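Asks: quick one, structure for this:
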Amino acid sequence: MFLIVLSIFSLLTTGYILLATKNHFQGKNAKRVWLFFLVASFLWELSTILYVYIYFQPAYGKATLLSNIAMAGFVALNISKLVLIGFLLLNDTLRLTLWPIKSVKNKRVVPLDSRRKFITNMGLLTAAVPFSGLIYGAIAGKYDYKVWQHKLVFGSLPESFKGLRIAQISDVHIGSFDDPLAVRSGLLKLMSYQPDLILFTGDLVNNLAIEADEYVELFKEVLQAPFGKYAVLGNHDYGEYVQWPNEEEKVRNQREIQNRYRQMGFELLNNTHTTISNENDSIALVGVENWGSGRFPKYGDYDQAVKGIDPEVFTIVMSHDPDHWEYKIKDHSKKAHLTLSGHTHGSQMGIEIPGWIKWSPVKYRYRRWAGLYQEEDQLLYVNRGFGFIGYPGRIGIWPEITILDLA
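Replies: Residues are numbered from 1 along each chain as shown. Prediction:
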């Protein structure tokens, strides 16, 4: 039903643009080019909608370069169409308002045709901005890995762990990748910081375990850390967004996703914890399964995960969704000194200039959506995501590698 509605929306918006601009272009050739562009864009959108339907079937594996190009074009076209439609609606409103108004000399106050043409031209120019930006984000932005490095000072951190370097990745969405060499370059960039501990806060795949097969050896061989590699599950690691033929297939896929984590060398902490020791000191590393507000699955059990931990021990928590920290973890009797999350992707688009501006549409859904947050003596870090899903690109909010130095 959603895809049917999307198809009707595409048809209606394309039809409205065609009707609203049919007299804007002068000359047969100009009209033909514009008509060809509209028809081609509509067919592109329909083919992409069909691809999306196929993509969410259990038999389908992963995205390809061609499918990512189609999806990028679909997103860029529709956002640009909405921008243009805003100008065209203004145009029609002016036409209906000003048409009956005449001056005392029985002439129109303003030449209406020239005003409408000016507004349409402004709409076309304005719509070109998001279109070109989104295409750039799909071509160059999706693998433009940025390192965010922070020094975190804790009074309760054991002396031997001061200087511990943690590398965090999150939201890999491995089924969306179409360039293994680019992914390798991102992992090598992470390893250039020589982390002591690597933590992965969920969403290895989009839906299916087989998405990861091409990258298992890469993640296993490149990512190494003396204190180990640990991971938790994200909301996409349960196969919740696929129409399965039966429950047994869904459960089998869930098991296989967890196996892929382990094949890559990650130890999964599913509502449990482990102890990391150094010299005569130790810290607790806690991992909870996905817990999200609203429609997202709630498999996380923080009570179970921290059971048996000394209340005074320094504790790091991995939980995929930052809402878990917001609603459950930060007010719990067992303090989490540092919680690491992901999930939001920073919406994969926005404006971020450190020290000046930090904005993304996702801020209207998540109070804490990217970067470092503190409440009293508890810290939350939300990773912007290593990969991408849906729109196959990044613009303004780039893929992230997090480096945290504890002190």
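
Asks: what ranges do the strands span in the chain?
Replies: 146-152, 165-169, 197-200, 229-231, 267-268, 272-278, 281-287, 315-318, 338-341, 351-353, 357-359, 371-375, 378-382, 400-406 (DSSP state E).

Asks: closest one to Tyr136 among these?
Replies: Relative to Tyr136, the nearest member of those by Cβ to Cβ is strand 351-353, separated by 14.5 Å. C-betas here are computed from N, CA, C, even on glycine.

Asks: measure stretch 391-398 end to end?
Replies: With Cα to Cα, to the nearest Å as the measure, stretch 391-398 spans 13 Å from end to end.

Asks: that stretch - what's its average pLDDT?
Replies: Averaged across stretch 391-398, pLDDT comes to 95.

Asks: give me the distance from that stretch to the chain's centre.
Replies: Between the centre of stretch 391-398 and the centre of its chain there are 8 Å (Cα atoms, centre = their mean, to the nearest Å).

Asks: same check on stretch 67-84?
Replies: Offset of stretch 67-84 from its chain centre (Cα atoms, centre = their mean): 17 Å.

Asks: could you dump the strands of the chain to CSV with mean neighbour count and distance to Arg260?
Replies: Formatted as CSV, these follow (neighbours: other Cβ atoms under 10 Å; distance: least, Cβ to Cβ, whole Å):
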stretch, mean neighbour count, distance to Arg260
strand 146-152, 14, 25
strand 165-169, 23, 15
strand 197-200, 25, 12
strand 229-231, 23, 10
strand 267-268, 16, 10
strand 272-278, 15, 19
strand 281-287, 21, 16
strand 315-318, 26, 18
strand 338-341, 26, 21
strand 351-353, 13, 31
strand 357-359, 13, 34
strand 371-375, 15, 29
strand 378-382, 23, 24
strand 400-406, 22, 21
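
Asks: distance between the longest helix anywhere in the chain and the chain's centre?
Replies: Looking across the chain with DSSP state H, the single longest helix is helix 65-98. Chain-centre distance of helix 65-98: 23 Å, with Cα atoms, centre = their mean.

Asks: which regions of the stretch 51-200 of the chain lie under the pLDDT threshold?
Replies: Where the stretch 51-200 of the chain drops to pLDDT under 70, the residues are 51-61, 98-113.

Asks: which one of the strands of the chain lies nearest to Trp244?
Replies: Using Cβ to Cβ, the strands of the chain put strand 267-268 closest to Trp244, at 22.0 Å.

Asks: quick one: strands adjacent to that closest one?
Replies: Strand pairing for strand 267-268, using DSSP bridges, gives strand 229-231 (parallel).

Asks: quick check: mean pLDDT of the partner strand?
Replies: The average of the pLDDT scores along strand 229-231 is 98.

Asks: from the rest of the structure, what touches that strand?
Replies: In this structure, residues lying in contact with strand 229-231 by Cβ atoms under 8 Å, 6 or more residues apart in numbering are 197-202, 204, 223, 261, 264-269, 274, 285, 287, 318.

Asks: please enumerate the helices of the stretch 201-350 of the chain.
Replies: Per DSSP state H, counting those that start in this stretch, the stretch 201-350 of the chain has helices spanning 216-222, 247-263, 302-306, 322-324. These are given in chain order.

Asks: could you dump those helices to JSON lines with distance to Tyr230, mean pLDDT and mean neighbour count?
Replies: Formatted as JSON lines, the helices of the stretch 201-350 of the chain follow (distance: least, Cβ to Cβ, whole Å; pLDDT from 0 to 100; neighbours: other Cβ atoms under 10 Å):
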{"stretch": "helix 216-222", "distance to Tyr230": "13", "mean pLDDT": "98", "mean neighbour count": "16"}
{"stretch": "helix 247-263", "distance to Tyr230": "10", "mean pLDDT": "96", "mean neighbour count": "16"}
{"stretch": "helix 302-306", "distance to Tyr230": "13", "mean pLDDT": "97", "mean neighbour count": "19"}
{"stretch": "helix 322-324", "distance to Tyr230": "17", "mean pLDDT": "97", "mean neighbour count": "25"}
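
Asks: OK, contacts around the residue lying closest to Leu6 once chain neighbours are set aside?
Replies: The shortest distance from Leu6 to any residue other than its chain neighbours is 5.5 Å, reached at Ile49 (Cβ to Cβ, 6 or more residues apart in numbering). If you count contacts by Cβ under 8 Å, 6+ apart, Ile49 has them with Leu3, Leu6, Ser7, Ser10, Phe74.

Asks: neighbours of the first one, how many?
Replies: Pointing back at Leu3 there. 13 (other Cβ atoms under 10 Å).

Asks: how close does it sit to His343?
Replies: Counting by Cβ to Cβ, to the nearest Å, the separation of Leu3 from His343 is 25 Å.

Asks: for His173, which of the helices of the stretch 201-350 of the chain is the nearest?
Replies: Using Cβ to Cβ, those put helix 247-263 closest to His173, at 12.4 Å.

Asks: pull the CA atoms of the closest one into CSV?
Replies: Extracted C-alpha coordinates of helix 247-263, given in CSV (Å, rounded to 0.1, in the frame of the first residue of the first chain):
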residue,chain,number,x,y,z
GLU,A,247,8.8,-17.3,11.6
GLU,A,248,11.4,-20.0,11.3
GLU,A,249,13.1,-18.2,8.4
LYS,A,250,13.1,-14.9,10.4
VAL,A,251,14.7,-16.6,13.4
ARG,A,252,17.3,-18.3,11.2
ASN,A,253,18.2,-15.0,9.6
GLN,A,254,18.6,-13.5,13.1
ARG,A,255,21.0,-16.3,14.1
GLU,A,256,23.0,-15.9,11.0
ILE,A,257,23.4,-12.1,11.5
GLN,A,258,24.8,-12.7,14.9
ASN,A,259,27.1,-15.3,13.4
ARG,A,260,28.4,-12.7,10.9
TYR,A,261,29.3,-10.4,13.8
ARG,A,262,31.3,-13.3,15.4
GLN,A,263,32.9,-14.2,12.1
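
Asks: from the contact counts, what lies against that helix?
Replies: Contact analysis of helix 247-263 by 3 or more Cβ pairs under 8 Å, 6 or more residues apart in numbering; DSSP states H and E lists helix 216-222, strand 267-268 as its packing neighbours.
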